[in-house]
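Novice: Make a model of this:
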Amino acid sequence: MVRKAEIKTVEGLRGGKGKLEMHHILKPEELNGHGRMYALVKMEPHSSIGVHDHIGETEPYYVLSGHGTFIDHDGSRIPVGPDDVCIIECGQHHGFENDSDEELVMMALVYNE
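Specialist: Numbering: from 1, shown residues only. The predicted structure is shown next:
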């Protein structure tokens, strides 16, 4: 089977600011109960994903291009760029900011603990 990714534009994700373009690669049912999201995320300049919790699930981000700031569960703000992996463990919270003047592109996978 071959199909196109489902693309959605989201504003204010998790209380963040600006727009993100979500390219949903797999639907939740295609993850066979193991998770709820596998997507390529395009963040416009000066946009963000608000701080939110991951209960019963974990989420890694893999930055493909651009630069931003990962807000870790301990409140630390870590600059990130291409080839950086941000790991959010089960029970932790996090946020993400594209505080640059360029688009940031990353992969995101939310899967069950």
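Novice: Cys86 contacts Ile71, doesn't it?
Specialist: No: taking contacts as C-beta atoms under 8 Å, Cys86 lies outside contact range of Ile71: 9.6 Å. Just so you know, the C-beta spots here come from the backbone N, C-alpha and C atoms, and that holds for glycine as well.
Novice: okay, and the common contacts of the two?
Specialist: By the contact definition C-beta atoms under 8 Å, 6 or more residues apart in numbering, Cys86 and Ile71 are jointly contacted by 78, 94, 96.
Novice: Just those residues: which are in strands?
Specialist: Residues of the shared contacts of Cys86 and Ile71 located in strands (DSSP state E): 78, 94, 96.
Novice: Kindly reformat those residues as JSON lines containing pLDDT.
Specialist: Converted to JSON lines, these look like this (pLDDT from 0 to 100):
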{"residue": "Ile78", "pLDDT": "98"}
{"residue": "His94", "pLDDT": "95"}
{"residue": "Phe96", "pLDDT": "97"}
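Novice: burial count for Glu89?
Specialist: Applying other C-beta atoms under 10 Å, we find 13 residues neighbouring Glu89.
Novice: Repeat that for Asp101.
Specialist: 9.
Novice: Show the contacting residues for it.
Specialist: 45-46.
Novice: again, only this time at 10 Å
Specialist: 45-46, 66-67 (C-beta atoms under 10 Å, 6 or more residues apart in numbering).
Novice: What is the subsequent helix or strand relative to the helix or strand hosting Leu20?
Specialist: Leu20 belongs to strand 19-26 when assigned by DSSP states H and E. Downstream of strand 19-26, the next assigned helix or strand under DSSP H and E is strand 35-43.
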